[in-house]
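Novice: Sharing a model that was predicted from the sequence below.
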Amino acid sequence: MPDSSPAEANDSIVPASINVAIIGSGPSGFYAAAALFKSDAVTAHVDMFDRLPTPFGLVRGGVAPDHQKIKNVIRVYNKTADHERFRFFGNVMIGRDVAAAELAAHYHAVIYAVGNESDRRLGIPGEDLAGVHSATEFVGWYNGHPDFQDRTFALDQAKRIAVVGNGNVAMDVARVLAQDLDELGATDITDKALKALRMSTVEEITILGRRGVAQAAFSPKEIKEIGALERANLVVDPSEVALDEASSSWLEEHAPPSAKKNVEYLTEHSAQAPGEAGIDIVCRFLVSPTKCEGDGDGKLESVTIETNALYLDDRGTPRPRGTGETFDLSVDLIFKAVGYRGVPLEGVPFNDGWGTFPNTDGRLTEEEGGATVPGQYVVGWAKRGPSGLIGTNGPDSTATVSKLIEDATNGLFAERDADPEALIARLQTNGVTVSDFDDWLRLDAEEIRRGEAKGKVRDKFCSVDDMMTAICELRDS
């Protein structure tokens with residue numbers, strides 16, 4: 001009898017189909033679903049769950065309203081959602097409506113695509129003073145994310161704002177604060193946020209970067225957008241863009257092209273005469289906040305800042321460290337944009353130090369470097385931390401799904417029963433009002449209709465209750 005090839009041997013134990021639950025409906029979740037559908041090795045049925053009634057995660061709730069073109073990626077996700085083996089279950093929260101253990105019991109595999117829903121702290125005295133906010137809150141607030149609609153930002157009582165960090169989120173915050181209000185009014189920004197921005201008294205926004213100008217985290221496109229604002233002057237002191245020897249050599253020998261473009265643009269800008277717009281956006285480099293000071297009522301008044309110097313690490317990369325020299329900057333508000341952070345899910349391993357789910361190449365583990373949790377996987381920021389752009393999640397999710405498919409073809413799921421319908425029936429029995437993708441399409445059309453009536457791209461529903469009320473009404477219309 002001839003020997004079977006490894007492929008033929010594996011084919012005999014591949015399930016005819018597998019049921020996969022994806023937790024989270026942001027980019028990484030949709031890319032994971034797309035990768036599963038493209039596979040010839042398995043026939044995957046995908047149920048995607050989200051705690052909100054609406055899909056798309058940070059594309060809906062995080063992309064700045066004046067960056068509408070970026071949101072066009074939703075068209076790609078719509079094609080995935082249109083697949084015959086895809087289902088969406090919104091308004092379902094893990095830990096409240098269904099336990100992680102139940103998911104594992106009812107599906108062959110579970111992929112966690114929950115992103116990073118919180119923010120990193122600075123860890124400095126005075127961080128909890130009134131007037132110190134996270135960029136996560138501010139971005140979610142002006143984008144209509146239900147989690148942040150109860151926040152208030154005293155823009156009408158502030159003249160000086162500091163933004164800590166100079167990555168893409170920091171640049172979004174600074175740009176939205178100084179953007180042309182008529183331009184913003186035509187986007188999907190919330191009416192409440194637009195009203196607050198119209199009442200803003202802000203005159204100066206200082207962007208604080210802990211590294212040097214050559215290592216700035218923003219892209220050339222982002223800093224040029226700041227420089228092009230009609231309501232704002234981009235202010236760069238020549239001393240801020242003067243390169244030390246370490247940065248100069250690194251820039252010439254190792255830096256990416258984007259770093260060189262940033263330095264060239266800011267150097268040219270530093271030689272220009274000050275503009276005459278109403279708001280100054282000041283770029284500072286090699287600075288780190290060390291303490292926030294408040295008045296007698298606990299309201300922010302100033303921030304103490306330490307200057308940094310660069311040194312070369314073992315790989316020859318310039319790194320910042322404090323010099324001990326400090327100065328005080330008077331500010332009325334601070335927005336911290338130093339990174340997002342994951343939050344734990346009940347019953348799922350979590351690395352509290354890193355704010356991620358422990359994993360080995362996307363396979364969930366009991367702890368960092370620990371044993372694999374069979375049939376459970378993680379993608380996106382929950383897997384690797386808050387790094388990369390929206391498109392970065394595509395290869396990341398595909399890499400994790402390749403591990404899932406490898407496990408499937410090696411027989412990991414062959415003896416495992418899956419019964420998703422029993423889980424869905426239990427949700428209904430327990431009175432959980434679930435939204436599906438058709439509900440989202442109707443809600444999407446309604447938001448666009450409401451927006452057109454106001455002369456804007458869309459008018460979002462900003463609370464879960466309002467979303468679900470509208471969904472139920474639209475079902476019956």
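Specialist: Sure, I can see it. Values in this document were obtained by computation on a predicted structure and should not be read as measured data.

Novice: how about the strands in the stretch 101-250 of the chain?
Specialist: 109-112, 118-119, 132-134, 160-164, 204-208, 232-235 (DSSP state E, counting those that start in this stretch).

Novice: For residue 129, give me its contacts.
Specialist: With contact taken as C-beta atoms under 8 Å, 6 or more residues apart in numbering, residue 129 is in contact with 292, 294, 298, 299, 300. Placement of C-beta: from N, CA and C, glycine included.

Novice: re earlier: which one of the strands of the stretch 101-250 of the chain is the most hemmed in?
Specialist: strand 109-112 (a mean of 29; mean count of other C-beta atoms under 10 Å).

Novice: Report the mean confidence score over that strand.
Specialist: Taken as a whole, strand 109-112 carries a mean pLDDT of 98.

Novice: same deal with stretch 125-145?
Specialist: For stretch 125-145, the mean confidence score works out to 97.

Novice: Same check on stretch 271-289?
Specialist: Mean predicted confidence for stretch 271-289 is 94.

Novice: Give me the buried positions along it.
Specialist: 275, 279, 280, 281, 282, 283, 284, 285, 286, 287, 288, 289 (16 or more other C-beta atoms under 10 Å).

Novice: domains for the chain, by residue range?
Specialist: Listed domain ranges for the chain are 13-117+342-434, 120-340 (source: automatic domain parsing).

Novice: can you redo those as JSON lines with distance to residue 468?
Specialist: Below are the domains of the chain laid out as JSON lines (distance: least, C-beta to C-beta, whole Å):
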{"stretch": "domain 13-117+342-434", "distance to residue 468": "6"}
{"stretch": "domain 120-340", "distance to residue 468": "11"}
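
Novice: which stretch among those domains comes nearest residue 463?
Specialist: domain 120-340 (5.2 Å; C-beta to C-beta).

Novice: What is the end-to-end distance of that closest one?
Specialist: Domain 120-340 has an end-to-end distance of 6 Å (C-alpha to C-alpha, to the nearest Å).

Novice: Could I have the buried ones of the contacts of residue 129 as PyMOL selection syntax?
Specialist: Those of the contacts of residue 129 that count as buried under 16+ other C-beta under 10 Å are selected in PyMOL with:
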select buried, resi 292+294+300
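
Novice: Filter the contacts of residue 129 down to just the ones in helices.
Specialist: Among the contacts of residue 129, no residue falls in helices (DSSP state H).

Novice: wait, which of the contacts of residue 129 is closest to residue 172?
Specialist: residue 300 (21.4 Å).

Novice: who's in contact with the closest one?
Specialist: 126, 129, 130, 131, 132, 292, 293, 294, 331, 332, 333, 334 are the contacts of residue 300 under C-beta under 8 Å, 6+ apart.

Novice: ok, the closest residue to it other than its chain neighbours - how many residues close by?
Specialist: Leaving aside its sequence neighbours, residue 300 sits nearest to residue 131 (C-beta to C-beta, 6 or more residues apart in numbering; 3.3 Å). Residues contacting residue 131 under the criterion other C-beta atoms under 10 Å number 21.

Novice: Also residue 79?
Specialist: Residues near residue 79, counting by other C-beta under 10 Å: 11.

Novice: same check, this time on residue 445
Specialist: 12.

Novice: Just the element for residue 328, please.
Specialist: Element membership for residue 328 (DSSP states H and E) is strand 318-330.

Novice: What strands flank that strand, and is each parallel or antiparallel?
Specialist: Note on strand 318-330: by DSSP bridges, its sheet partners are strand 300-312 (antiparallel).

Novice: Could you check how far the partner strand is from the centre of its chain?
Specialist: 26 Å (C-alpha atoms, centre = their mean, to the nearest Å).

Novice: now the angle between strand 204-208 and that strand, please.
Specialist: 30 degrees (axes from the mean of the first three to the mean of the last three C-alpha atoms, to 10 degrees).

Novice: buried stuff in strand 300-312?
Specialist: 300, 301, 302, 303, 304, 305, 306, 307, 308, 309, 310.

Novice: Kindly report the same for stretch 373-380.
Specialist: 373, 375, 376, 377, 378, 379, 380.

Novice: who's in contact with it?
Specialist: Under C-beta under 8 Å, 6+ apart, the answer for stretch 373-380 is 24, 26-29, 31-32, 104, 107-113, 115, 348-349, 356-357, 359, 362-366, 393, 396-397, 400-401, 403-404, 407, 412-413, 416.

Novice: Of the residues you listed, grab the buried ones for ChimeraX.
Specialist: To isolate the buried members of the contacts of stretch 373-380 in ChimeraX, using 16+ other C-beta under 10 Å:
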select :24,26,27,28,29,31,32,104,107,108,109,110,111,112,113,115,348,349,356,357,359,362,363,364,365,393,396,397,400,401,403,404,407,412,413,416
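
Novice: Can you report how many residues lie near the residue lying closest to residue 344 once chain neighbours are set aside?
Specialist: Closest residue in space to residue 344, ignoring its immediate chain neighbours: residue 350 at 3.9 Å, by C-beta to C-beta, 6+ apart. When neighbours are counted by other C-beta under 10 Å, residue 350 registers 18.

Novice: show me what contacts residue 350?
Specialist: Contacts of residue 350 (C-beta under 8 Å, 6+ apart): 342, 344, 356, 357, 358.

Novice: Return the backbone torsion pair for the residue lying closest to the fourth one once chain neighbours are set aside.
Specialist: With sequence-adjacent residues excluded and distances taken as C-beta to C-beta, 6+ apart, residue 357 is closest to residue 378, at 4.5 Å. When read as degrees, to the nearest 10, the backbone of residue 378 gives phi -140, psi 140.

Novice: Quick check: bridge partners of residue 378?
Specialist: residue 112.
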